[in-house]
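> model the following, please.
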Amino acid sequence: MQIGRWNHQSTGSSGSHSKYSKNPRSGSFHNTRPTGNRFPASRSYGRPPSQNKFPPRRGKSFGSFGNTEAEISKFMNRAVVTTEEPVFVPEHTFSDFDINEHLKKNILARKYESPTPIQDKIIPHVLLGQDVVGLAETGTGKTAAFLIPLIDKVMKQKGERILIMAPTRELAVQTEKELAGFARGLGFRGMVAVGGTNIGPQISALRHTPAFVIGTPGRLKDLMERKALDLSGFGTVVLDEADRMLDMGFIDDMRFILGKMQKERHMLFFSATISKDIERLIGDFLSSPVVISVKTRDTARNIDQDVIRIPRGKDKFEVLAELFKDRNFDKVLIFGRTKYGVEKLAKDLSRRHIHAESIHGNKTFNARIRALEAFKTGKVTALVATDVAARGLDIPAVSHVINYDLPSTYEDYIHRVGRTGRADLKGKALTFVQGR
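I've put the predicted structure just below:
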């Protein structure tokens, strides 16, 4: 079946949910709540020639968003500071949830004091075994929103196994670290299955029947084709950052993997945007999902966004280097367009005694993890990245995001700047625009 056109009700900062029910005539789903604004569709792309390459963008050439003054205006938005902003008050505390007591202690040990909006709204539905579609920006706490109830599910249902699909190796590793913290002392295993690393240890880990398998679609499919991973015993699947997986060309792998799971399965689906391909995936694989949205606006209110116009003849790199004379530029994430350009920019900054690392697709998995850890812990001031770092990564207290090269789409811009201004901290986003 195919999901029909979506009607969406804005939720504000407190979040809400709506139930999609089946239309008996058309066989499609419709929202049973009052009609409001539809979510804008995002682009989706075909299968790339190689799993190690991003697919070409449709329409405009790569890196072309921001060529008109109307588009440039989207890069400018002053941070909003107001005492009138409603404060989110959760309906639940973590102690309210009907979950394992040891798990509750682990949650407290990780200093999770009260649920975020998406955790508050989603956890009760997951505990009831309902399929869920979660619509949220990055940095909203969605990883804990699915891990906490699924850990409880593993504790209460003997033999339950969970598959989590993520778009990037870094996000998969980050999710496994979160899992290890929440599941400490509970007596079960989780493992990561990602490309760019030796597949042998992953095959060995699967022989121990881990309760959680967290991986990228390409490597998961590879393990299945080698008969090392049998999904017939998995009753639950999470698709995290589903829109990003589609953008990276994993649609065929995702369908292949889902098709090998139990037909009666519990499915959780998370995405920042809704496209027609995502609508079709939801319609094909989810059963009467509860839709939870905590989207409020494209970018957080506490991100101060502006442009830096580079006059003709002015060296863009010199402008960037000058910015670092301001001591407030202490944890800066810089986005470039190409792998070569990102690597060169990081080296050029280091030559200016601005400690920088790079992260891009040509780096080995371990090198990327080392660069991320150096940035997170403050060993380097700047991390220069392609869009592989734009989504899903938990990098605390980024002071500035700089779009050294223009993003390909406005959606890419949103995810880039979403790396700053998190956890109620104020952030700054700057976009370089060449003179015309």
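> walk me through the domains of this protein.
Domain segmentation of the chain under automatic domain parsing yields 69-82+301-434, 94-293.
> weakest of those domains in terms of mean pLDDT?
Lowest mean pLDDT within those: domain 69-82+301-434, a mean of 85.
> if we can go back for a sec, got the domains of the chain as JSON lines, with mean neighbour count columns?
C-beta coordinates here come from the backbone N, C-alpha and C atoms, glycine included. Converted to JSON lines, the domains of the chain look like this (neighbours: other CB atoms under 10 Å):
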{"stretch": "domain 69-82+301-434", "mean neighbour count": "18"}
{"stretch": "domain 94-293", "mean neighbour count": "19"}
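> show me what contacts the closest residue in space to residue 141 that isn't next to it in sequence?
Sequence neighbours aside, residue 116 is the residue nearest to residue 141 in space, at 3.7 Å (criterion: CB to CB, 6 or more residues apart in numbering). Residues in contact with residue 116 (CB atoms under 8 Å, 6 or more residues apart in numbering) are 88, 90, 140, 141, 144, 145, 294.
> do the same with residue 221
Contacts of residue 221 (CB under 8 Å, 6+ apart): 253, 256, 257.
> so it: helix, strand or coil?
Taking DSSP: H, G, I helix; E, B strand; the rest coil as the rule, one finds residue 221 in the helix state.
> any idea how far it lies from residue 282?
21 Å (CB to CB, to the nearest Å).
> over to residue 302?
31 Å.
> with just CA atoms, put stretch 243-252 into CSV.
Taking Å, rounded to 0.1, in the frame of the first residue of the first chain, the C-alpha atoms of stretch 243-252 are listed here in CSV:
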residue,chain,number,x,y,z
ASP,A,243,15.7,11.0,5.2
ARG,A,244,19.5,11.0,5.2
MET,A,245,19.7,7.4,4.3
LEU,A,246,17.5,8.1,1.3
ASP,A,247,19.6,11.1,0.3
MET,A,248,22.7,8.8,0.4
GLY,A,249,21.1,6.4,-2.0
PHE,A,250,20.3,3.5,0.5
ILE,A,251,16.7,3.1,-0.5
ASP,A,252,17.2,-0.3,-2.2
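> for it, the distance to its chain's centre please.
Computed by CA atoms, centre = their mean, to the nearest Å, the chain-centroid distance of stretch 243-252 equals 13 Å.
> sorry, back to before: quick check, nearest of the contacts of residue 221 to residue 288?
Comparing the contacts of residue 221 against residue 288 with CB to CB places residue 257 closest, at 22.0 Å.
> so what's that closest one closest to, chain neighbours aside?
Ranked by CB to CB, 6+ apart and with sequence neighbours excluded, the top spatial neighbour of residue 257 is residue 220, at 5.7 Å.
> do residue 94 as well
Once flanking residues are discounted, residue 94 sits nearest to residue 107: 5.0 Å by CB to CB, 6+ apart.
> list the helices and strands the helix or strand hosting residue 280 packs on?
Residue 280 belongs to helix 276-285 when elements are defined using DSSP states H and E. Judged by 3 or more CB pairs under 8 Å, 6 or more residues apart in numbering; DSSP states H and E, the packing partners of helix 276-285 are helix 242-247, helix 251-259, strand 266-271.
> any idea which helix or strand comes after the helix or strand harbouring residue 371?
Secondary structure assigned from DSSP H and E places residue 371 in helix 365-376. The first helix or strand that comes after helix 365-376 along the chain, using DSSP H and E, is strand 382-385.
> partners of that next one, with directions?
Here strand 382-385 has these sheet partners by DSSP bridges: strand 332-335 (parallel), strand 356-359 (parallel).
> ok now the last one, how far from the chain's centre?
With CA atoms, centre = their mean as the basis, strand 356-359 stands 20 Å off its chain's centre.
> look up phi and psi at the residue lying farthest from the centre of the chain.
Ranked by distance from the centre of the chain (CA atoms, centre = their mean), the top residue is residue 313, with 37.8 Å. Main-chain dihedrals, residue 313, degrees, to the nearest 10: phi 90, psi -10.
> now tabulate the contacts of residue 221 in TSV and tack on distance to residue 273.
Conversion of the contacts of residue 221 to TSV gives the following (distance: CB to CB, whole Å):
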residue	distance to residue 273
253	20
256	23
257	21
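> of those residues, just say which sits nearest to residue 352.
residue 253 (41.8 Å).
> pull the helix holding residue 280 out as CSV, backbone CA atoms only.
C-alpha atoms of helix 276-285 as CSV (Å, rounded to 0.1, in the frame of the first residue of the first chain):
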residue,chain,number,x,y,z
LYS,A,276,7.4,11.1,-1.2
ASP,A,277,9.9,8.2,-0.9
ILE,A,278,9.6,8.4,2.9
GLU,A,279,5.8,8.4,2.6
ARG,A,280,6.0,5.3,0.5
LEU,A,281,8.4,3.6,3.0
ILE,A,282,6.0,4.4,5.8
GLY,A,283,3.0,3.1,3.9
ASP,A,284,4.7,-0.1,2.9
PHE,A,285,6.3,-1.1,6.1
